[in-house]
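**Student:** Provided below are the primary sequence and the corresponding predicted coordinates.
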Amino acid sequence: MFARSIRIPLARATLRTAPVARFSALSVRFGGHHEAKVSQGPGAAAGTIPTDLDQSTGLERAELLGKMQGKDIFDLAPLEVHVRGTKANPTVINSRDPIRYVGCTGVPGETHEVNWLLIDQTHEFDRCDQCGNVYKWTAYEADENFPGDKGHHH
Amino acid sequence: MQKTIQSHPFHLVEPSPWPLAASLALLTTTLSGVMYFNNYANGGLLLTLGLISTVLSMSLWFRDIIIEGTFQGSHTSKVQQGLTLGFILFVISEVFFFISLFWAFFHSALSPTVELGCMWPPAGIQVMNPWEVPLLNTVLLLSSGATVTLAHHGLIQGNRKFTIYGLIATIILAILFTGFQGFEYINAPFTIADSVYGSTFYFTTGFHGFHVLIGTIFIAVGLYRVINYHFTDFHHVGLEAAIIYWHFVDIVWLLVFIFFYYWGS
């Protein structure tokens, strides 16, 4: 357990390959996000109070546009596993990154302590060593009509 | 693989020099403040430098936050929730700060010692009449609470005029309050050195006055940002925080008025 708890932060650290080491007061203004197409509303008419739809930008706007389509662009809800994943029929893990962390609590859920697994793109499959459930990394498919996928933010 | 936007709503901040700058500025301010109070050489000069660098690092830090939130869209609804919760926790810590001041006051006022003549106000202290300037200040602050609410509702309902005029009225009332407090201090019949009465009185009213000043600046920044179209009718965490702060200062004044000016005299 101890080895694992060390390994995960290490793996996390190595994952962060983006150049975040810049140390400049100007990075906030000119750094990072500016190569991206910024989704932007028309802004407020002079003399009025803008609404979020008029004026929000960036991730905030993507969230708003998603909500207007009745969707949550953020993938925060826990994955409910109703059918045990097997090698033939694994539990599919959508991911935007080459690996994704999954905290398995067993199938059915809450039957063992949280077991943190690294679901890796390069693995044929990943198996929870507590309950034996099989997970398979799958690329997240971007949808150009979905606000969460439009702006190439990072 | 294709990279899309981040799949979580949280704002992972970039490296920034302002936490370190603010720490050094505050260290300079506290150390040189002690030097100044104890008449060390150049204490006043260093204190001035400390205060300037504190204000500077705060301003640059908040400028970055405004850039991130208003111009880069990093403040999703989850981030707004976090900022609001953080501010409410800050105000709660302020409540406990003022509780300690009231505690010091009640400790001395509820069982006055022999040195005070076993009475409160202490023997020989000439107190202020609460129904003169303090009552006027109560009216001013309560009115400013009403005007700031006018501004808040104006913003939520998309009425720019109400918002701006409401905030201007609030700032005028706040400046009047501070002016009358200054007038009262200048004409007070006792000083901070006049027994525990003077100590607790100026300790509490003085810190309240500082909070009024900070709140005035906070609301003025909100006014500046309304004029510059920073706030939408829904997303205006900065102004909401200023309003929460202002109501807090208002409530503290009511308690100061009731217990220090009325009951304590």
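**Tutor:** The structure has been received and is ready for your questions.
**Student:** Next, count neighbours for the residue in chain A that chain B sits nearest to.
**Tutor:** Of all residues in chain A, the one sitting closest to chain B is residue A:58 (2.3 Å; C-beta to the nearest C-beta). (C-beta placed from N, C-alpha, C; glycine too.) Residue crowding around residue A:58 was assessed by other C-beta atoms under 10 Å in any protein chain shown; the count is 23.
**Student:** Backbone dihedrals for it, both of them.
**Tutor:** Torsion angles at residue A:58 (phi, psi; degrees, to the nearest 10) stand at phi 60, psi -140.
**Student:** Next: residue B:134.
**Tutor:** Here is the backbone geometry of residue B:134 (degrees, to the nearest 10): phi -60, psi -40.
**Student:** Distance check, it against residue B:128.
**Tutor:** Applying C-beta to C-beta, to the nearest Å, the value for residue B:134 to residue B:128 is 7 Å.
**Student:** Tell me the residues that contact both of those two, please.
**Tutor:** B:184, B:261 (C-beta atoms under 8 Å, 6 or more residues apart in numbering or on different chains).
**Student:** Pretty sure the residue of chain A closest to chain B sits against residue A:64.
**Tutor:** No - if you go by C-beta atoms under 8 Å, residue A:58 and residue A:64 don't touch, sitting 10.4 Å apart.
**Student:** Give me the nearest residue to residue B:76, chain neighbours excluded.
**Tutor:** residue B:9 (4.1 Å; C-beta to C-beta, 6 or more residues apart in numbering or on different chains).
**Student:** OK, contacts around the one you found?
**Tutor:** Counting by C-beta under 8 Å, 6+ apart, residue B:9 has contacts A:59, A:63, A:74, A:76, B:76, B:77, B:78, B:79.
**Student:** Please apply the same query to residue B:194.
**Tutor:** Counting by C-beta under 8 Å, 6+ apart, residue B:194 touches residue B:125.
**Student:** and if we set it to 6 Å?
**Tutor:** Applying C-beta atoms under 6 Å, 6 or more residues apart in numbering or on different chains to residue B:194 gives no contacts.
**Student:** just the one 3 residues further on next, same as before
**Tutor:** For residue B:197, the residues meeting the contact criterion (C-beta under 6 Å, 6+ apart) are B:121, B:122, B:125.
**Student:** Top of those by number of neighbours, please.
**Tutor:** Counting neighbours by other C-beta under 10 Å, residue B:122 leads the contacts of residue B:197 with 21 neighbours.
**Student:** Let me know the pLDDT of that one.
**Tutor:** On pLDDT, residue B:122 comes in at 96.
**Student:** Pull the contacting residues for it.
**Tutor:** Residues counted as contacts of residue B:122 (C-beta under 6 Å, 6+ apart) are B:116, B:195, B:197.
**Student:** still on that earlier bit, right, and the residue of chain A closest to chain B touches residue B:73 too?
**Tutor:** Yes - proximity of residue A:58 to residue B:73 meets the contact threshold set by C-beta atoms under 6 Å, at 2.3 Å.
**Student:** what's the helix or strand for residue B:168?
**Tutor:** Take DSSP states H and E as the rule and residue B:168 turns out to sit in helix B:160-186.
**Student:** One more: residue A:50?
**Tutor:** Following DSSP H and E, one finds residue A:50 outside all helices and strands.
**Student:** how deep is it tucked in, by neighbour count?
**Tutor:** By other C-beta under 10 Å, the residues close to residue A:50 number 22.
**Student:** Find the nearest non-adjacent residue to whatever residue of the stretch 151-265 of chain B ends up closest to chain A, please.
**Tutor:** Closest to chain A within the stretch 151-265 of chain B is residue B:158: 4.3 Å, counting by C-beta to the nearest C-beta. Counting by C-beta to C-beta, 6+ apart, residue B:158 lies nearest to residue A:49, which is 4.3 Å off, once chain neighbours are set aside.
**Student:** mind listing what's buried in the next helix or strand after the helix holding residue B:168?
**Tutor:** Next in sequence after helix B:160-186, counting helices and strands by DSSP H and E, comes helix B:195-227. Of all the residues in helix B:195-227, those buried under the rule 16 or more other C-beta atoms under 10 Å in any protein chain shown are B:195-205, B:207-209, B:211-212, B:215-216, B:218-223, B:225-226.
**Student:** quick one on the thing from earlier: which of the contacts of residue B:9 count as buried?
**Tutor:** Of those, these count as buried by 16+ other C-beta under 10 Å: A:59, A:63, A:74, B:76, B:77, B:79.
**Student:** among those residues, which are in strands?
**Tutor:** Among the buried ones among the contacts of residue B:9, no member falls in strands (criterion: DSSP state E).
**Student:** tell me the two of those residues that are most distant?
**Tutor:** Largest separation among the buried ones among the contacts of residue B:9 by C-beta to C-beta: A:74 and B:79, giving 11.5 Å.
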